[in-house]
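sequence plus predicted model, see below.
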Amino acid sequence: MKSRVARILIASATAMLLAACNTAPKRDAMYAATYPAALPQPVQQGNGAIYQVGYDLTLYEDVRARRIGDILTVRLVESTNATKNASTTLERDNSTSVTNPTILGTSPQFGVPGALPLANTATNSLETSLSSSNNFDGSSDAAQSNSLSGDISVTVADVLP
């Protein structure tokens, strides 16, 4: 018995040591995270004026982020609801009847009540009947609700034509 336990311990220790020798898979460079290219900042004029070219806002323009450096905020709001109902009804009835056996052309009758432990006491014969009934009603309800909310802010890095 001790040798069997020792073999199991040695085998499991060997398996753990071999599993520890495994290395992590190398990552593909094509799926590496990339950073946006650095864009040149517009050169500010040193003329002392408050108004700078490229930073204007016209009277009838809305405040959408459309220029380099503008900040966009994406709001995530998601909600899911699921419900499930199930109902089951099962019913089973069984009935069995055993008639008095025929032995050598006659049905045995016993004159002494209770002579046989399984004998029918009314007729003192071996006939009997069995019946059973099973009923099952079941129902179930399941509900699930999930929600996701959050904000992601990004900066416009480039404006495509």
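Arrived safely.

from now on I want contacts and neighbour counts done on CA atoms only, so please keep to that.
OK.

export the helix or strand containing residue 12 to CSV, keeping only CA atoms.
According to DSSP states H and E, residue 12 maps onto helix 2-20. Taking Å, rounded to 0.1, in the frame of the first residue of the first chain, the C-alpha atoms of helix 2-20 are listed here in CSV:
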residue,chain,number,x,y,z
LYS,A,2,2.9,2.4,0.8
SER,A,3,4.5,1.8,-2.5
ARG,A,4,1.3,2.7,-4.3
VAL,A,5,1.0,5.9,-2.4
ALA,A,6,4.7,6.7,-3.1
ARG,A,7,4.2,6.1,-6.8
ILE,A,8,1.3,8.4,-6.9
LEU,A,9,3.2,11.1,-5.1
ILE,A,10,6.2,10.8,-7.4
ALA,A,11,4.0,10.9,-10.5
SER,A,12,2.1,14.0,-9.3
ALA,A,13,5.4,15.7,-8.3
THR,A,14,6.9,14.9,-11.8
ALA,A,15,3.8,16.2,-13.5
MET,A,16,4.0,19.5,-11.5
LEU,A,17,7.6,20.0,-12.3
LEU,A,18,7.1,19.4,-16.0
ALA,A,19,4.1,21.8,-16.0
ALA,A,20,6.3,24.5,-14.4
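
after it, next one along is what?
For helix 2-20, the following helix or strand on the C-terminal side (DSSP H and E) is strand 71-98.

partners of that next one in the sheet?
Strand pairing for strand 71-98, determined by DSSP bridges: strand 128-155 (antiparallel).

what is the rounded mean pLDDT of the strand it pairs with?
For strand 128-155, mean pLDDT is 91.

same check, this time on stretch 79-98
What stretch 79-98 shows for mean pLDDT is 91.

what does it contact?
Stretch 79-98 is contacted by residues 127-148 when judged by Cα atoms under 8 Å, 6 or more residues apart in numbering.

what residues of stretch 58-67 count as buried?
Within stretch 58-67, no residue counts as buried by 16 or more other Cα atoms under 10 Å.

end-to-end on it?
With Cα to Cα, to the nearest Å as the measure, stretch 58-67 spans 14 Å from end to end.

show me the contact partners of it.
71-72, 156, 158-159.

bridged to the residue nearest to the spatial centre of the chain, which residues?
Closest to where the C-alpha atoms of the chain average out (Cα atoms, centre = their mean) is residue 144, at 11.3 Å. Under the criterion DSSP bridges, residue 144 forms beta bridges with residue 82.
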